[in-house]
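Visitor: model the following, please.
(one chain, ligands or ions: 1)
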Amino acid sequence: ATIDGPKGLPVFGNALQIPKDAPNAYLSELARHYKEGVFQLDLLGRTVLFVSDPDLVAEACDESRFYKPIERALAVVRDFAGDGLFTAREDEPVWGHAHRILMPAFSRRSMKAYFPQMLEICEELIASWESRQGEDLSVADDMTRLTLDVISLTGFDYRFNSFRSPELHPFLQAMGRSLTEAMLRNGQLPLVTSLKRKQEAAYRADIALMQELVDDVIRRRRESGGKGTGDLLGLMLEAADPKTGERLSDENIRNQVLTFLIAGHETTSGLLSFALYNLLRNPHVLAQAYAEVDRLLPGDTVPTYETIMKLDVIPRVLDETLRIWSPIPVFGVKSRHDTTLGPFDVPAGRNVVILLEPLHRHPKAWERPEEFDIDRWLPERKKEHHPSAYKPFGNGERACIGRQFALAEARLALAMLLRRFAISDRDAYRMKVKQTLTLKPEDFTIQVRARKRHE
Ligand code: HEM
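Guide: Below you'll find the model as predicted:
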């Protein structure tokens, strides 16, 4: 069988049809149109397959046939994240060294060790909102302050103090612009990119700003003689790969720190923002969440790691939020040799993009897919899910190393917010997604009031 796709132009192929600021919305629309669950585009002379049928995704996730290539947007991100975990190539041994060195930092025991710092930053968010009751709060900005300060404090013992400033930290502004530029460059002919001198200068300046901050983080740790701290930076500076005895180079550590500062906050911020949106649009679920935090965190009880692990409604809100609005909209793989996807032949070296929005709402896998229904995540119903219809954290070896970290942090933040505040949005915000490689609700503001709780 042959794979269908919209007709394109000479040279550009379909590249100009993809809206630069919202590729995900357009690609998801195409996925709904091509009922086979796969379509192809010609992007500047290269054929790319886009897959969203869960059975075809299951095949594309077979790591013996497909691997993660560092091409297109990721090749641009590599300009600043280098050979850090996220953008390391499959054939670079440093991926394995760093993966094995860092895995212990994401164990359950480590999550427990990070908990006091997560709590401290969540308390800063609560204090900030307490002082701004009734005002319009910019959700994505404050969630970004929270998640950036959490990853930098827990991972690197570094404080951005984001809640002390009305402006987002210059690091965040530089990062936001760089991610947007990475997305734009992905859709440009290299010649066009090279002609845009002003953009190039601004892009390089942003990268330099981010790297200077990272160098400062590392220098401070070295100067403090900070031995023995079991955080990410401590492990990278001290530990050797258990398999090869190899240690990480200074250059690689720099790339990892920047990688974690970016990967460790941008997506979790999106998750929390989308979760608050879903709670506001689904008052019956919000009521369940309030009841849960009142039961598990009565009065001024200080949350512990154990309490957070007992939550049931809030984690299901997060699971369902990641289904409906996955902060990372796509991930890419490439065929190792000639192979197939269902009835379709796929030649060696073919790029395949897994589209998460249409996958996570695929009628073959999900009943009433557009409905926000946290009961899908009850244990007995979870067993019935299609095994490849939910991939918010990517796939296989190259799946997200920070999954448990993100979920622990998001559980704690939501539990603390909902215990303290009644949330509302006067203007009944309608979802408008902003894409900068990752997705977030744009211009989403809410108001909070201290809750009157019946103890
Ligand atoms: C990889 C999603 C939070 C660190 C990935 C990938 C996805 C993802 C889809 C695979 C990308 C690909 O295949 O190209 C998410 C989501 C998050 C989240 C939805 C939050 C809700 C985090 C956090 C950290 C983190 C909190 C760090 C503390 C990483 C790293 C990789 C990665 C280092 C690269 C892994 C490798 O290739 O070895 N993430 N992530 N992520 N994530 Fe996350």
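Visitor: in the lengthiest helix in the chain, what's buried?
Guide: The helix that spans the most residues within the chain, counting by DSSP state H, is helix 197-223. Buried positions in helix 197-223, judged by neighbour count with 16 or more other Cβ atoms under 10 Å: Tyr203, Asp206, Ile207, Leu209, Met210, Gln211, Leu213, Val214, Val217, Ile218, Arg221. Glycine gets a C-beta too; all of them are placed from N, C-alpha and C.
Visitor: which helices and strands does it pack with?
Guide: Here helix 197-223 is seen to pack against helix 73-81, helix 139-156, helix 170-186, helix 190-195, helix 232-238, helix 250-263 when contacts are counted using 3 or more Cβ pairs under 8 Å, 6 or more residues apart in numbering; DSSP states H and E.
Visitor: list the contacts of the third one.
Guide: Helix 170-186 is contacted by residues 20, 23, 72-73, 76-77, 79-80, 144, 148, 160, 162, 168, 193, 199, 202-203, 205-207, 209-210, 213, 261-262, 266, 435-438 when judged by Cβ atoms under 8 Å, 6 or more residues apart in numbering.
Visitor: wait, which of the helices and strands packed on helix 197-223 is closest to Val313?
Guide: helix 139-156 (19.5 Å; Cβ to Cβ).
Visitor: pick out the residue of the stretch 101-250 of the chain closest to the ligand.
Guide: Residue of the stretch 101-250 of the chain nearest the ligand, by Cβ to the nearest ligand atom: Ile151 (5.5 Å).
Visitor: what about that residue, neighbour count?
Guide: Residues within reach of Ile151, counting by other Cβ atoms under 10 Å, total 29.
Visitor: you'd agree it is up against Phe260?
Guide: Yes. Between Ile151 and Phe260 there is a contact under Cβ atoms under 8 Å: 6.3 Å.
Visitor: which among the contacts of helix 170-186 end up buried?
Guide: For the contacts of helix 170-186, a burial check counting by 16+ other Cβ under 10 Å picks out 23, 72-73, 76-77, 80, 144, 148, 160, 162, 168, 193, 203, 206-207, 209-210, 213, 261-262, 266, 435-438.
Visitor: all strands of the stretch 251-400 of the chain, in order?
Guide: 330-335, 339-341, 344-346, 351-355 (DSSP state E, counting those that start in this stretch).
Visitor: name the nearest residue to the residue of the stretch 101-250 of the chain closest to the ligand, sequence neighbours excluded.
Guide: Excluding the flanking residues, the one nearest Ile151 by Cβ to Cβ, 6 or more residues apart in numbering is Gly264, at 3.5 Å.
Visitor: what sits against the one you found?
Guide: Contacts of Gly264 (Cβ under 8 Å, 6+ apart): Thr147, Ile151, Gly155, Gly402, Phe405.
Visitor: hmm, back to that, and the strands of the stretch 251-400 of the chain as TSV, adding mean pLDDT and distance to Glu380?
Guide: Formatted as TSV, the strands of the stretch 251-400 of the chain follow (pLDDT from 0 to 100; distance: least, Cβ to Cβ, whole Å):
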stretch	mean pLDDT	distance to Glu380
strand 330-335	97	29
strand 339-341	98	32
strand 344-346	97	35
strand 351-355	98	28
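Visitor: with distance to Phe39 and mean neighbour count added, can I get those in a markdown table?
Guide: Shown next, in a markdown table, are the strands of the stretch 251-400 of the chain (distance: least, Cβ to Cβ, whole Å; neighbours: other Cβ atoms under 10 Å):
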| stretch | distance to Phe39 | mean neighbour count |
| --- | --- | --- |
| strand 330-335 | 14 | 22 |
| strand 339-341 | 12 | 19 |
| strand 344-346 | 11 | 17 |
| strand 351-355 | 10 | 22 |
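Visitor: which of those sits closest to Ala15?
Guide: strand 351-355 (13.6 Å).
Visitor: restricting to C-alpha, output that closest one in CSV.
Guide: What follows is strand 351-355, C-alpha atoms only, in CSV (Å, rounded to 0.1, in the frame of the first residue of the first chain):
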residue,chain,number,x,y,z
ASN,A,351,12.0,9.8,9.3
VAL,A,352,8.9,9.0,11.2
VAL,A,353,7.1,11.5,13.5
ILE,A,354,4.8,10.2,16.2
LEU,A,355,2.0,12.8,16.6
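Visitor: check whether it contacts the ligand.
Guide: No. Judged by Cβ under 6 Å from any ligand atom, strand 351-355 makes no contact with the ligand; its nearest approach is 8.7 Å.
Visitor: for Leu356, which non-adjacent residue is spatially closest?
Guide: Leu356 sits nearest to Ser326 (Cβ to Cβ, 6+ apart), 4.3 Å away.
Visitor: and for Lys112?
Guide: Using Cβ to Cβ, 6+ apart, the nearest residue to Lys112 is Tyr305, at 4.7 Å.
Visitor: pLDDT value on the one you found, please?
Guide: Tyr305 is assigned a predicted lDDT (pLDDT) of 96.
Visitor: what's the spacing between the residue nearest to Thr147 when sequence neighbours are not counted and Gln211?
Guide: Take Thr147 and drop its neighbours on the chain: the residue closest to it by Cβ to Cβ, 6+ apart is His265, 3.8 Å away. Distance of His265 to Gln211, computed by Cβ to Cβ, to the nearest Å: 17 Å.
Visitor: alongside the ligand, which residues does the stretch 351-455 of the chain contribute?
Guide: Residues of the stretch 351-455 of the chain found near the ligand (Cβ under 6 Å from any ligand atom) are Pro392, Phe393, Gly394, Arg398, Ala399, Cys400, Ile401, Gly402, Phe405, Ala406.
Visitor: out of those residues, which is most surrounded?
Guide: Within those, most neighbours by other Cβ under 10 Å means Ala406, with 26 neighbours.
Visitor: that residue touches Thr267, doesn't it?
Guide: Yes. If you go by Cβ under 8 Å, Ala406 and Thr267 touch, sitting 6.8 Å apart.
Visitor: other residues contacting stretch 382-391?
Guide: 54-55, 57-58, 61, 322-323, 331, 354, 356, 359-360, 362, 364-366, 376.
Visitor: for that stretch, output the C-alpha coordinates as CSV.
Guide: What follows is stretch 382-391 as a C-alpha-only set of coordinates in CSV (Å, rounded to 0.1, in the frame of the first residue of the first chain):
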residue,chain,number,x,y,z
LYS,A,382,-6.0,1.3,32.9
LYS,A,383,-5.4,-2.4,32.2
GLU,A,384,-7.7,-2.2,29.2
HIS,A,385,-5.8,0.6,27.5
HIS,A,386,-4.2,0.0,24.2
PRO,A,387,-0.5,-0.5,25.0
SER,A,388,0.8,2.1,22.6
ALA,A,389,-1.8,4.8,22.7
TYR,A,390,-0.2,6.9,25.4
LYS,A,391,3.3,8.2,25.0
